[in-house]
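**Student:** Sequence unavailable; structure follows:
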């Protein structure tokens, strides 16, 4: 019985640490402090490497750092691996942002090529 209580206490402690890291990473992202975000993600990864929120925030960091292909792969992997509605919604939004960036990039390239041809 004591072992069960100890296991529950450890799990609760780990969950509260993950929640705290989740909040800190969210704040760093909002402030565009990507260096702090990277440090927090590394620490989170040692504590809960399979946490779907961790995977989402790694994708957000990759997206912010311009690693769009890697972010896209991670967002797609998240969609396959989790059923948590909030994470799924945000991963889809991430994919939509990446798609919009690519559409904007192509439109700008076409506009530049058209202007150069005139």
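**Tutor:** Arrived safely, thanks for sending. Computed from a prediction, not measured in an experiment: that's the story for all the values here.
**Student:** isn't residue 90 right up against residue 56?
**Tutor:** Yes - the pair residue 90 / residue 56 is scored as a contact, 6.1 Å apart, by C-beta atoms under 8 Å. Any C-beta I mention is one placed from the backbone N, CA and C, and that applies to glycine too.
**Student:** between the two, who's got more neighbours?
**Tutor:** Using other C-beta atoms under 10 Å, the more surrounded residue of residue 90 and residue 56 is residue 56, with 23 against 18.
**Student:** re the thing from before, which neighbours do residue 90 and residue 56 have in common?
**Tutor:** Here residue 90 and residue 56 share no contacting residue, scored by C-beta atoms under 8 Å, 6 or more residues apart in numbering.
**Student:** Find the residue ranges of this protein scoring beneath the pLDDT cut-off.
**Tutor:** 1-18 (pLDDT under 70).
**Student:** switch to 50 and redo it
**Tutor:** 4-15 (pLDDT under 50).
**Student:** Please, which helix or strand holds the residue sitting nearest the centre point of the chain?
**Tutor:** Nearest to the geometric centre of the chain sits residue 57, at 2.2 Å (C-alpha atoms, centre = their mean). For residue 57, the enclosing helix or strand under DSSP states H and E is helix 52-64.
**Student:** Show me what that helix is packed up against.
**Tutor:** If you count contacts as 3 or more C-beta pairs under 8 Å, 6 or more residues apart in numbering; DSSP states H and E, helix 52-64 packs onto helix 2-30, helix 34-47, helix 68-81, helix 85-117.
**Student:** Distance to residue 61 added to the ones you listed, as JSON lines?
**Tutor:** Shown next, in JSON lines, are the helices and strands packed on helix 52-64 (distance: least, C-beta to C-beta, whole Å):
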{"stretch": "helix 2-30", "distance to residue 61": "8"}
{"stretch": "helix 34-47", "distance to residue 61": "6"}
{"stretch": "helix 68-81", "distance to residue 61": "8"}
{"stretch": "helix 85-117", "distance to residue 61": "11"}
